[in-house]
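A.B. asks: Dropping the sequence and predicted coords here.
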Amino acid sequence: MKKVQQHLGILTSIKIAVLFIMLSPMGIMAQSVYKLAPGKNNNIKVAGTSNVHDWTMTAKDIESTGAFKFNSRDELIDVTSLKFTVVAKSLKSDKSSMDTRTYKSIKADEFPKISYQLTYATVTMIQANKYAIQTTGILTIAGKTQTISMKVMALVNADRSISCHGTEKLMLTDYGIQPPSFMLGAMKVGNNLTISFNIDYTNAATAK
C-alpha cells in the first residue's frame, strides 16, 4: 500500500510539473501561418551602380508564406518557416532597354523565378512589438543557389499583421552572372547589388 501511495505521489508531481510548464508565460505557444497581405505595397528592390549612374529595379510580383510562433503574451519568439518567389521579369527599371538586358543576364526565360527558402531564424525583441530576426536561408537566382545570412526587422501590428523590412548585399558573380553592359559597352554595371524589401504579412486563417 505504501508503494502504491508513493507511485501515485510521483505521478501527481509529474502532472503538476507538466501543468506548470504549460501554464507558464513561455509554455503556451501558438504557431500561425501567414501570407502576403493584400492591398499592401509589397515590393523587393534591387539597387546597383554603373560607370555612368546608379540604378534601381523594383519587383512587385511576389508570392510568400511563413510560419510565425508566438508565446502566451503574444510576443514573437520564432519563425519556423518562410519562403518567397519573385517573377524575374517583374523586375522593372525606368528604362526598358536595361530591363531587357537584365532579363538576358539573369536567364529569365530559362529560370523565370527567383526564390528564397528560410533554413534558420533567431528572434530578438528590440522593444514592444518590434523584433530583429537574424536569418539564414537559401537564395536561388538564375539557377544558382547560395546560402545567405540576413537581418530582418519585424513589426507586429495591432491587427496581428507583420511588417518586415531589410537589406542585403550580393555579388552578381556569386550567382554565375556576368555584370551586363549597355550602349556597346559604354555603360558597365557594377558587380555589387543591394537587395531591399518591404513585405507585409497577414494571418492566413483570418485573411479574406
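C.D. replies: All right, it came through fine. Numbers count the residues shown, from 1 in each chain.
A.B. asks: CA atoms for contacts and neighbours, from now on please.
C.D. replies: Will do.
A.B. asks: got any ranges where the chain has weak pLDDT?
C.D. replies: Within the chain, the ranges that satisfy pLDDT under 70 run 1-29, 183-185, 207-208.
A.B. asks: Residue 104 should be in a helix, yeah?
C.D. replies: Yes. Assessed with DSSP: H, G, I helix; E, B strand; the rest coil, residue 104 lies in a helix.
A.B. asks: Quick check: it vs residue 110, distance?
C.D. replies: 9 Å (CA to CA, to the nearest Å).
A.B. asks: Around residue 38, how many other residues sit close by?
C.D. replies: Neighbour count for residue 38, taken as other CA atoms under 10 Å: 12.
A.B. asks: ok so it is a strand residue?
C.D. replies: No. Secondary structure of residue 38 (three-state DSSP): coil, not part of a strand.
A.B. asks: before we move on, the earlier item: compare residue 104 and residue 110 (neighbour count), which wins?
C.D. replies: residue 104 (15 against 11).
A.B. asks: which parts of stretch 88-99 are buried?
C.D. replies: Neighbour-count burial for stretch 88-99 flags 88, 89, 90, 91, 92, 93, 98, 99 (criterion: 16 or more other CA atoms under 10 Å).
A.B. asks: quick one, phi/psi of the last one?
C.D. replies: So the one you mean is residue 99. Torsion angles at residue 99 (phi, psi; degrees, to the nearest 10) stand at phi -60, psi -50.
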